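J.: How does the following fold in three dimensions:
(one chain, ligands or ions: 1)
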Amino acid sequence: MRIVEHLIGGGRVSGGTRKKDIFNPSTGEVQAQVELGTPADLDRAVELAKAAQPAWAATNPQKRARIMFEYKRLVESRMDELAELLSSEHGKVVADARGDVQRGLDVIEFACGIPHVLKGEYTQGAGPGIDVYSMRQPLGIGAGITPFNFPAMIPMWMFGVSVAVGNAMIIKPSERDPSVPMRLAELFLEAGAPEGILQVVNGDKEMVDAILDHPDISGVSFVGSSDIAHYVYKRGVENGKRVQAMGGAKNHGIVLPDADLDQVVNDLSGAAFGSAGERCMALPVVVPVGEQTANELREAMLPAIEKLRVGVSNDPDADYGPVVTAEHRTRVENWIKTGVDEGAELVVDGRGFSMQGHEKGFFMGPSLFDHVKPEMQSYKEEIFGPVLQIVRAESFEEALALPSKHQYGNGVAIFTRNGHAAREFAQRVDVGMVGINVPIPVPVAYHSFGGWKRSAFGDHGQHGMEGVRFWTKLKTVTQRWPDGSGVGDENVFVIPTMG
Ligand code: NAD
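T.: Reported below is the predicted structural model:
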């Protein structure tokens, strides 16, 4: 049995006596086991990070950037290997897995420009003989705790920026698909990074708690479900750390009567069912405005859903693959049952789907609900599966209120040809990332990713300048070099002003 250990210092090391199974979701078989590390394993990694980080931070940013350039080249050259490994543990189709790696690489590409973004600000002559300048210094040691659904992109969101600004990083991947984060860290060493700057510790809650309580870890970035995100945020902050903790989502797609329905149906098919709906930027709720729009949309969605091809994750013709575990499939099925019990109309039922030759795989057909109401629990909570819910609204205002009042505020999309309505919507909606005729508005790497409300706890988004701000401390220096003439020395007992 293949064992996934930890990457501490310069290579793979064993740690912890407990292990957890890693499945191949397409076959349902256990393909490997991951070691669940202990606080002692974390201590080892932190000691090495502490030893390596000061010299890394003192390395000039252009040299750090050169390693990021080389890393980008190396990861690109291993794209096929990484995408296949990712797909075999996660279940997303290989083309989608390549996208997962590529979106992470976009952040590495951003990090290649780190000398430019770390330049700071400077004011000459802020007062008599006085100059002011600011600099951004690394936090020291950072940690990233990541979810199962983007095992390449999300670790790279975090360490891409953090190591480039001069931190040492320790990644704690999801137990369900840790192999790609391990390979990504190995490739960073191969790119020429010093040992101890990027390490991976595997584990579960015990390891997460050890990270949150470790006195030498200064910053923690978390992505996962909201209850855990909230817990991580509170515990980390209580321990004096800087914490950003991204949580779950329930993204809405608003369809105005003037929208291009063909485009909407095409976009919804991918955004609701792609990656089996296991994306925090998926679009699992569609809100048609007006009865006619709703009826037309429902009619048009049916043949599109009929055409969807569910397949094993390495089938190049499959639109989406299995969900990540049997346990998760049961969870999604339970939400479908809840929806039915609450009185929503189950128009297409994806439960009980079986793939010939892969009967033990964790497959689910697509499901479609209509007449879902805002007070239903199945609407309020995240389902995270191939399930699309239609919530009918009578007016623009009613449609705008739905995502704005929802507990989650990650992403939202509006489909319309009306520029004024779209602009109004983008201004007023209480959600962090907005798409206008764009179903999955994940910001590009040099902008920043971040939801609102229970989709994110903390103050900074991921990557782009928000990422740089999160992973650095701002220091501002006010300097003067007196020449003995006494200028600026008058009245030392009042608060200094620059007048
Ligand atoms: P999860 O919350 O189960 O796990 C995330 C991480 O937390 C993992 O590393 C896991 O080991 C750890 N963890 C699990 N239980 C814990 C506990 N009790 N105490 C401490 N740590 C614990 O999430 P998941 O199922 O891996 O990922 C899916 C979730 O992530 C969805 O809710 C999805 O919306 C969310 N997500 C959010 C974003 C975003 O940017 N907002 C992006 C991707 C995924």
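J.: Please, where are all the helices along the stretch 301-450 of the chain?
T.: Residue ranges of the helices in the stretch 301-450 of the chain, as given by DSSP state H, counting those that start in this stretch, are 326-342, 377-380, 396-405, 419-428.
J.: Export those helices as CSV, with columns for mean neighbour count.
T.: Any C-beta I mention is one placed from the backbone N, CA and C, and that applies to glycine too. Output for the helices of the stretch 301-450 of the chain, formatted as CSV (neighbours: other CB atoms under 10 Å):
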stretch, mean neighbour count
helix 326-342, 16
helix 377-380, 16
helix 396-405, 18
helix 419-428, 14
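J.: Which residues of the chain lie near the ligand?
T.: Residues of the chain lying close to the ligand (CB under 6 Å from any ligand atom) are 145-150, 172, 174-175, 204-205, 208, 223-225, 228, 246-249, 280, 382, 384, 410, 451, 455.
J.: residues making contact with stretch 492-499?
T.: With CB atoms under 8 Å, 6 or more residues apart in numbering as the contact definition, stretch 492-499 has outside contacts at 126, 127, 128, 130.
J.: Nearest approach to residue 363 belongs to which of the helices of the stretch 301-450 of the chain?
T.: When the helices of the stretch 301-450 of the chain are compared by CB to CB, helix 326-342 sits nearest residue 363, at 8.0 Å.
J.: Over to residue 192: give its phi and psi.
T.: phi 110, psi 10 (degrees, to the nearest 10).
J.: Tell me who's in contact with the nearest residue to it once chain neighbours are set aside.
T.: Leaving out its chain neighbours, the residue that sits closest to residue 192 by CB to CB, 6 or more residues apart in numbering is residue 67, at 5.1 Å. By CB under 8 Å, 6+ apart, the contact set of residue 67 is 188, 191, 192, 193.
J.: you'd agree the first one is up against residue 195?
T.: In other words, residue 188. No: between residue 188 and residue 195 no contact is recorded; they are 10.2 Å apart, counting by CB atoms under 8 Å.
J.: Those two: who's more crowded?
T.: Shown here are residue 188 and residue 195; by other CB atoms under 10 Å, residue 188 has more neighbours (25 against 16).
J.: Is the more buried one located within a helix, as I assumed?
T.: Yes: assigned with DSSP: H, G, I helix; E, B strand; the rest coil, residue 188 falls within a helix.
J.: So it versus residue 479, what's the distance?
T.: 37 Å (CB to CB, to the nearest Å).
J.: Would you agree residue 382 is in contact with residue 250?
T.: Yes: if you go by CB under 8 Å, residue 382 and residue 250 touch, sitting 5.4 Å apart.
J.: Could you tell me which residues touch both of the two?
T.: Here residue 382 and residue 250 share the contacting residues 284, 408, scored by CB under 8 Å, 6+ apart.
J.: The two: which is more packed in?
T.: residue 250 (27 against 22).
J.: Roughly how far does the closest residue to the more buried one other than its chain neighbours sit from residue 309?
T.: Sequence neighbours aside, residue 408 is the residue nearest to residue 250 in space, at 4.6 Å (criterion: CB to CB, 6+ apart). From residue 408 over to residue 309 the distance is 29 Å, taken as CB to CB.
J.: Neighbour count for these two, which is higher?
T.: Comparing residue 408 with residue 309 by other CB under 10 Å, the one with more neighbours is residue 408, at 26 against 10.
J.: Hmm, that one is touching residue 226, no?
T.: Yes: using CB under 8 Å, residue 408 makes contact with residue 226 at a distance of 7.3 Å.
J.: Can you pull the residues that touch both of those two?
T.: Common neighbours of residue 408 and residue 226 (CB under 8 Å, 6+ apart) are 247, 248, 382, 454, 455.
J.: mind giving me the domain ranges of the chain?
T.: Per automatic domain parsing, the structural domains of the chain span 2-247+455-477, 252-436.
J.: okay, these in JSON lines with distance to residue 496 and mean pLDDT next?
T.: Below are the domains of the chain laid out as JSON lines (distance: least, CB to CB, whole Å; pLDDT from 0 to 100):
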{"stretch": "domain 2-247+455-477", "distance to residue 496": "8", "mean pLDDT": "97"}
{"stretch": "domain 252-436", "distance to residue 496": "40", "mean pLDDT": "97"}
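J.: can you put these in CSV and add distance to residue 484?
T.: Formatted as CSV, the domains of the chain follow (distance: least, CB to CB, whole Å):
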stretch, distance to residue 484
domain 2-247+455-477, 11
domain 252-436, 55
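J.: Among those, which comes closest to residue 445?
T.: domain 2-247+455-477 (3.8 Å).
J.: Now do the end-to-end distance for that closest one.
T.: Terminal residues of domain 2-247+455-477 are spaced 53 Å apart (CA to CA, to the nearest Å).
J.: where do the strands sit along the stretch 351-499 of the chain?
T.: 367-370, 387-390, 408-409, 411-415, 433-436, 452-453, 456-457, 472-480 (DSSP state E, counting those that start in this stretch).
J.: quick one: pLDDT of the residue nearest to residue 407 when sequence neighbours are not counted?
T.: Excluding the flanking residues, the one nearest residue 407 by CB to CB, 6+ apart is residue 454, at 4.9 Å. Model confidence at residue 454, given as pLDDT, is 98.
J.: and what of residue 486?
T.: The confidence metric pLDDT takes the value 72 at residue 486.
J.: now do the one 3 residues further on
T.: For residue 489, the pLDDT comes out at 66.
J.: before we move on, what about residue 494?
T.: Residue 494 is assigned 77 on the pLDDT scale.
J.: Could you pull up phi and psi at the closest residue to residue 28 other than its chain neighbours?
T.: Sequence neighbours aside, residue 360 is the residue nearest to residue 28 in space, at 3.2 Å (criterion: CB to CB, 6+ apart). Per-residue torsions, residue 360: phi -90, psi 0 (degrees, to the nearest 10).
J.: can you check residue 287 too?
T.: phi -120, psi 90.
J.: what's the burial count for it?
T.: Residues near residue 287, counting by other CB under 10 Å: 26.
J.: where does it sit relative to residue 226, distance-wise?
T.: Distance from residue 287 to residue 226, by CB to CB: 22 Å.
J.: Please identify the helix or strand for the residue in the stretch 51-200 of the chain that the ligand sits nearest to.
T.: The ligand sits closest to residue 147 of the stretch 51-200 of the chain, with a gap of 3.0 Å, by CB to the nearest ligand atom. Assigned by DSSP states H and E, residue 147 belongs to no helix or strand.
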